[in-house]
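Trainee: Attaching a predicted model along with its sequence, questions to come.
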Amino acid sequence: AVGAGIGAGIYDSAETAMNDRQSSGIIHPENVNKYNELYGQWKNLLLEKLADTVTKKEKAISLS
């Protein structure tokens, strides 16, 4: 969310964005293996979607 705020121009810089942040504690996940598995699935889906987007843009450019 902070990265989106930086990209959207809500914050002047990463330093500004991080100045007011406060830690709410440390989270120790109980099911680390499950989280890693789910992250891997999400990452693979993201990479597939990105590849599809690039392919569609390449096709659109070649048709122009």
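Mentor: Nice, thanks for sending it over.
Trainee: low-confidence ranges in the protein?
Mentor: For the chain, applying pLDDT under 70 flags the ranges 64.
Trainee: State which helix of this protein is the longest.
Mentor: helix 32-63 (DSSP state H).
Trainee: Figure out how far that one is from the centre of its chain.
Mentor: 12 Å (CA atoms, centre = their mean, to the nearest Å).
Trainee: now do stretch 57-64
Mentor: What separates the centre of stretch 57-64 from the centre of its chain is 27 Å, taken as CA atoms, centre = their mean.
Trainee: quick one: buried residues of that stretch?
Mentor: Residues of stretch 57-64 include none that count as buried (16 or more other CB atoms under 10 Å). Using the backbone N, CA and C atoms, a C-beta is placed for each residue, glycine as well.
Trainee: any idea how far D12 is from E48?
Mentor: E48 sits 35 Å away from D12, going by CB to CB, to the nearest Å.
Trainee: now Y35
Mentor: Taken as CB to CB, the span from Y35 to D12 is 34 Å.
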